[in-house]
Structure formats: C-alpha cells, structure tokens
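Enquirer: Mind folding the following:
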Amino acid sequence: MATRSSTAGLGYVTPIQSSGNSCILSKADAGPAESHRYYLARRTVSEMLRDRGCVIADYEITRSLSEFRSVFGDQPDPDHLRICVPLASKPSKKILVIFCGPEEINKAKAVHILINITNKDSLLRIIVVVQGKMNHFARTVFNESEVKVEIFPITELFVNITTHVASPKYEILTSEEKEQMLKKYELADKQIPYMREDDAIARYYGLEKKQVVKITYNSKITGSFVNYRCVI
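Expert: Below is the predicted model:
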C-alpha cells in the first residue's frame with residue numbers, strides 16, 4: 001500500500017512500511033525476536049548509508065540472519081551493533097549509527113550517549129536507532145547537539161521503503177543539477193512541488209531543506225514519467 005499526498009495538485013506517492021511488523025518478524029524463524037529486530041534494522045540502516053553515499057561493505061547488507069546471530073549473538077549488545085562509515089566523496093567525514101536498547105531514553109541517557117562519542121569533529125551525522133520511548137528533554141539534548149542527530153524508531157527500519165515494489169526511483173540532485181533543472185523549466189524553488197522534511201523518503205536520505213529530489217515513475221498503468229520535489 002502507499003500513502004498519497006496532494007502536493008500542488010500533483011499526487012506524490014510515498015510507499016509506507018507494513019503496519020504488521022509482528023508479521024514481518026514472525027515469518028523469519030523460531031529464533032529470538034530481539035536479534036531478528038536488530039538484524040532487520042541494521043540491514044536497512046546499512047542500505048540507507050550506502051544510498052547516502054557512504055562506503056559500506058557488501059556483507060553488511062547481504063549477511064543472513066543466521067550469520068548475524070553467529071556474529072552478534074541471540075541477545076545482541078547494542079553497543080556492538082554500532083556502525084561508523086565514511087562518505088565516499090569525502091572520507092574525512094563519517095556517519096555514526098548508534099543502536100539503543102528497549103529502555104526509555106531520558107535527558108541523562110541522551111547526554112550519556114553524546115558524551116561517550118569520540119572524534120566528533122569527523123562526524124557529519126549521528127543516527128540514533130531507538131526501541132523504547134524518548135521524552136521531550138532527551139529530544140532537546142539531541143536537537144542541540146553540535147553534530148546533527150537523526151532519530152529513527154527501530155520499527156521504521158524493519159523494511160526499506162525505497163525497495164518497495166511500488167516505489168519509484170529517487171535521485172538527489174546536486175546544487176549544480178538543481179540549478180540546471182530550474183533554468184531548464186524556468187522555475188523558482190517555491191514553484192516546485194514540495195516534500196516535507198519529515199517525509200519518510202526525506203528522512204531516509206537525510207535531506208535538508210531546499211534540496212531537490214528527482215522522482216522517476218515507471219509502471220504499466222501510468223507509464224514512465226519524471227517529476228521533482230523540493231524539501232521544505
């Protein structure tokens with residue numbers, strides 16, 4: 001299924017994750033659910049990092065559930081699941097992914113997470129994957145971090161929304177490509193149909209405001225066509 005938002009009169013289809021997360025988990029095997037949850041989330045995060053232009057080993061994406069358990073165990077320690085990878089275009093800058101346990105994240109926990117991160121100067125982003133609740137004070141701590149922090153509930157990472165069968169192709173335009181597109185169609189930023197910064201696709205790619213996404217649709221029903229969305 002997909003959600004449809006009416007944007008400037010144009011239908012933008014955003015694939016959504018299955019609401020039956022328990023069904024997704026139950027289809028795997030009779031092993032511990034906790035390790036399966038981490039396995040799915042870590043695989044999706046690895047795909048997300050690659051799609052953001054990070055250098056990440058193939059085995060992080062292709063590893064099976066049994067292989068994951070052989071490495072991290074049936075009850076994985078979240079600290080051992082961390083991922084820190086560089087950008088292919090700028091190896092000096094990295095994205096760090098931190099996995100949290102099921103406990104609630106309060107202000108003290110958020111401060112503890114940030115204090116224990118080393119080499120912050122090399123970090124472009126920090127992605128925090130949470131299982132439990134997070135209160136307002138913790139969010140404030142993350143929002144005020146010197147390094148941008150993105151928060152993903154683990155249930156949002158059980159499925160990669162960009163690989164959904166109905167998902168179109170997404171391409172993030174560079175500044176130069178955006179200017180060429182605006183010039184070609186004689187448009188200004190405000191004339192491009194929008195995509196909210198908290199849209200699932202914008203979050204997946206870690207997009208900033210005013211970035212433009214090229215979306216290519218190709219189906220037997222609608223045929224092939226291209227449109228653009230500007231993040232607001």
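Enquirer: and the residue lying farthest from the centre of the chain, what is it in contact with?
Expert: In terms of distance from the mean C-alpha position of the chain, Glu186 ranks first, at 31.9 Å (C-alpha atoms, centre = their mean). Contact partners of Glu186, counting by C-beta atoms under 8 Å, 6 or more residues apart in numbering, are absent. Any C-beta I mention is one placed from the backbone N, CA and C, and that applies to glycine too.
Enquirer: So what's the gap between the top helix by length along the chain and the chain middle?
Expert: Longest helix in the chain by number of residues, with DSSP state H as the criterion: helix 33-51. In terms of C-alpha atoms, centre = their mean, to the nearest Å, the centre of helix 33-51 is found 10 Å from the chain centre.
Enquirer: same for that helix, what does it pack against?
Expert: Applying 3 or more C-beta pairs under 8 Å, 6 or more residues apart in numbering; DSSP states H and E, we find helix 33-51 packed against helix 21-26, helix 59-62, helix 65-72, strand 83-86, strand 94-99, strand 123-130, helix 200-205.
Enquirer: Below-threshold pLDDT in the protein: ranges please.
Expert: Applying pLDDT under 70 to the chain flags residues 1-29.
Enquirer: quick revisit: need the helices and strands packed on helix 33-51 in CSV (columns: mean neighbour count).
Expert: Below are these laid out as CSV (neighbours: other C-beta atoms under 10 Å):
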stretch, mean neighbour count
helix 21-26, 14
helix 59-62, 13
helix 65-72, 14
strand 83-86, 18
strand 94-99, 22
strand 123-130, 20
helix 200-205, 19
